[in-house]
Every structure is written in C-alpha cells, then in structure tokens.
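Trainee: Please find the sequence and the predicted model below.
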Amino acid sequence: MKKTLAGVIEAGEPLIQQAIETQRQYHTAQDAGRPAEEVERLRLLAESLFQAVTEYQLRSLGGPARSLH
C-alpha cells in the first residue's frame with residue numbers, strides 16, 4: 001500500500017470522527033453547565049483521541065512518534 005497523506009487520513013477517518021464527536025460533546029457539556037467532572041472527563045478524552053490521531057498519522061507516514069511503552 002502506498003503511504004500518502006490522503007491514504008493515511010482515509011484509514012484514520014473513524015478515529016478522526018470519534019475525536020471530533022468527543023470534542024463536540026465536550027463543548028456541549030461545557031455550554032450546558034454540566035458537572036465539572038463530566039466536562040473534564042470529556043476534555044481529557046477528546047485530547048487523548050486527538051493525540052492518538054496525530055501519533056497514528058506520524059507513524060503511518062514514517063515520522064517520529066513517542067514510544068508505545
């Protein structure tokens with residue numbers, strides 16, 4: 001499989017969509033005045049998912065990424 005940016009993005013699309021949806025949930029909870037614990041949980045989850053997207057893309061394109069352990 002040829003590793004192109006478009007191919008990497010397409011392969012990671014489900015993870016990208018999950019990260020975006022979680023970010024939306026975070027903002028919705030924040031705007032709705034949900035409990036601080038819930039807002040913080042969503043913020044951390046969204047941040048973690050976006051970091052996973054970034055690391056996936058870096059690894060897929062042969063760039064540097066943090067160690068897995």
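Mentor: Done, it's in.

Trainee: ok now stretch 14-21, how far from the chain's centre?
Mentor: 6 Å (CA atoms, centre = their mean, to the nearest Å).

Trainee: Which secondary structure elements does the lowest-mean-pLDDT helix or strand in the chain sit against?
Mentor: Least confident helix or strand of the chain, by mean pLDDT, DSSP states H and E, is helix 5-11 with a mean of 72. Judged by 3 or more CB pairs under 8 Å, 6 or more residues apart in numbering; DSSP states H and E, the packing partners of helix 5-11 are helix 36-60. From N, CA and C alone the C-beta is placed, and that goes for glycine too.

Trainee: residues of the helix it packs on that come out buried?
Mentor: Neighbour-count burial for helix 36-60, counted by 16 or more other CB atoms under 10 Å, picks out 39, 42-43, 45-46, 49-50, 53, 56-57, 60.

Trainee: then the next helix-or-strand element following the least confident helix or strand of the chain to PDB, C-alphas only?
Mentor: Using DSSP states H and E, the helix or strand that directly follows helix 5-11 along the chain is helix 13-31. Only the C-alpha atoms of helix 13-31 are listed here, as PDB (Å, rounded to 0.1, in the frame of the first residue of the first chain):
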ATOM      1  CA  GLU A  13     -11.100   8.500   9.400                       C
ATOM      2  CA  PRO A  14     -13.100   6.600  12.100                       C
ATOM      3  CA  LEU A  15     -10.700   7.700  14.800                       C
ATOM      4  CA  ILE A  16     -10.800  11.300  13.500                       C
ATOM      5  CA  GLN A  17     -14.600  11.200  13.600                       C
ATOM      6  CA  GLN A  18     -14.600   9.900  17.100                       C
ATOM      7  CA  ALA A  19     -12.200  12.600  18.200                       C
ATOM      8  CA  ILE A  20     -14.400  15.300  16.600                       C
ATOM      9  CA  GLU A  21     -17.600  13.900  18.100                       C
ATOM     10  CA  THR A  22     -16.000  13.800  21.600                       C
ATOM     11  CA  GLN A  23     -14.800  17.400  21.200                       C
ATOM     12  CA  ARG A  24     -18.400  18.400  20.300                       C
ATOM     13  CA  GLN A  25     -19.700  16.600  23.400                       C
ATOM     14  CA  TYR A  26     -17.200  18.400  25.500                       C
ATOM     15  CA  HIS A  27     -18.200  21.800  24.200                       C
ATOM     16  CA  THR A  28     -21.900  20.900  24.600                       C
ATOM     17  CA  ALA A  29     -21.400  19.800  28.200                       C
ATOM     18  CA  GLN A  30     -19.400  22.900  28.900                       C
ATOM     19  CA  ASP A  31     -22.100  25.200  27.400                       C
END
